[in-house]
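Chemist: Sharing a model that was predicted from the sequence below.
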There are 2 protein chains.
Amino acid sequence: MNAPTPVSFYFDFSSPYSYIASEWIEALAARHGRAVKWHAILLGATFQYTGLKPPVDYPLKREYALRDFARSARAEGIPYLQPAQFPIATQNAARVFYWLQSQDPARAASWAHAGLRAYFTRGVRLDDASALKALAEASDIDPQAAEAAWSDPQWKLRLKQANEEAIAAGVFGTPWFVVDGEPFWGNDRKSQIERWLSGDPF
Amino acid sequence: MNAPTPVSFYFDFSSPYSYIASEWIEALAARHGRAVKWHAILLGATFQYTGLKPPVDYPLKREYALRDFARSARAEGIPYLQPAQFPIATQNAARVFYWLQSQDPARAASWAHAGLRAYFTRGVRLDDASALKALAEASDIDPQAAEAAWSDPQWKLRLKQANEEAIAAGVFGTPWFVVDGEPFWGNDRKSQIERWLSGDPF
């Protein structure tokens, strides 16, 4: 018998709802015998394609969004600290993700957790080379090799392809999930995803 | 002892997630000893103010949104039929709402249910004068008086004020809820609203 299809999980290192979802997706998938396939993408690329803008670009929406980020984290029982600099450029963190994924998907997922937690609970600037190297080191990743990876055309291209693949698959925001072909957008689709995985028809 | 503050519920007659939320908000509020204060608004007015656009204006987002409208209705166990003409102008339905509310808030809430159900389960064109009059008649509302109300400067002004009040209160989308000063946006905030009402601190 083939293993069940993994749940696809698209995230951006600078997306608060991606961070929150990253803290529950693996346990939820595991409860239903599924693995998680992680996809680091740049929301900026999808926004450019769709003409959408981040919620915090609209003053009224920004105020609500900041309140909702923190409240939604509390609802999940996880720590959250709104980064002073937000959003930030995350291409280097994402390139390191793909470099690691080519060696070992589990290490890439650990790096995703390390990056999301660092930014959203301690305000670590993932867009700063020395902060990112220090985070790599703290995550048992050779910091020089990490820097070499994010400067390498190979991993730049891999990330570009990941963005293009996501856009082609209809992804226009994060977190984005695909369960057996069914797309779900948003941390707030958790209960629908759980029902979908449980085979409860609705 | 004073009665507890009602839950404020802002909706647009042409908003699918407003329709879905309108089917659970009263029961949820009642479970926690609360009444619901209904506010009919025009999303177009809030979009104009904020610079936002409806999700269905973006091709990629439209496809997902249509799927999610139907799926979210199924998740609530309520009927949903995507109207062929969508969205539609809803100012006449909203003006009738305020005319009724000035006489009896319960009748206005019944009219809101009648309008949302007619549009989202039978495709009744609320933007068509004869369809709206027929709906009024089926709802035990004098159709001539309803038409007189939606043409009356008094109810035009009342709706304009409702939109302005909503914008001043920070509302930029529907459904929008306020529970003891705490704002919630979206049908998908149901579980957070339930926890907030239950006094479960999070």
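Modeler: That came through, no problem.

Chemist: Please make it C-alpha for all contacts and neighbour counts, starting now.
Modeler: Will do.

Chemist: I would like the residues contacting the helix-or-strand element of chain A with minimal mean pLDDT, please.
Modeler: One helix or strand of chain A scores below all others by mean pLDDT, DSSP states H and E: helix A:43-50, with a mean of 79. Residues outside helix A:43-50 that contact it (CA atoms under 8 Å, 6 or more residues apart in numbering or on different chains) are A:12, A:52-54, A:163, A:167, A:171-174, B:58-60.

Chemist: Using CSV, write out every CA atom in it.
Modeler: C-alpha atoms of helix A:43-50 as CSV (Å, rounded to 0.1, in the frame of the first residue of the first chain):
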residue,chain,number,x,y,z
LEU,A,43,4.5,36.4,-0.5
GLY,A,44,5.9,39.4,-2.4
ALA,A,45,6.1,37.2,-5.5
THR,A,46,2.4,36.1,-5.2
PHE,A,47,1.3,39.7,-4.4
GLN,A,48,3.1,41.0,-7.5
TYR,A,49,1.4,38.3,-9.6
THR,A,50,-2.1,38.7,-8.2
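
Chemist: For it, buried residues please.
Modeler: Neighbour-count burial for helix A:43-50, counted by 16 or more other CA atoms under 10 Å in any protein chain shown, picks out A:43-46, A:50.

Chemist: Show me what whichever helix or strand comes after that helix is packed against.
Modeler: Next along the chain after helix A:43-50, taking DSSP states H and E as the criterion, comes helix A:59-76. For helix A:59-76, the packing partners by 3 or more CA pairs under 8 Å, 6 or more residues apart in numbering or on different chains; DSSP states H and E come out as helix A:16-22.

Chemist: Please state the offset of the helix or strand that the helix it packs on is followed by from the chain centre?
Modeler: Per DSSP H and E, helix A:16-22 leads on to helix A:25-31 as the next helix or strand towards the C-terminus. On the basis of CA atoms, centre = their mean, to the nearest Å, helix A:25-31 sits 16 Å off its chain's mean C-alpha point.

Chemist: got it, and stretch A:6-20?
Modeler: That offset, for stretch A:6-20, works out to 3 Å (CA atoms, centre = their mean).

Chemist: Could you pull up the mean pLDDT of it?
Modeler: If you average the pLDDT over stretch A:6-20, you get 98.

Chemist: Residue A:147: which of the contacts of helix A:43-50 is nearest?
Modeler: Comparing these against residue A:147 with CA to CA places residue A:12 closest, at 19.1 Å.

Chemist: In which helix or strand does residue A:110 reside?
Modeler: Using DSSP H and E, residue A:110 sits in helix A:105-122.

Chemist: Give the rounded mean pLDDT of that helix.
Modeler: Average pLDDT, helix A:105-122: 98.

Chemist: And for stretch A:151-167?
Modeler: Rounded mean pLDDT across stretch A:151-167 is 96.

Chemist: quick revisit: next secondary structure after the helix holding residue A:110?
Modeler: The C-terminal neighbour of helix A:105-122 among helices and strands, as given by DSSP H and E, is helix A:129-138.
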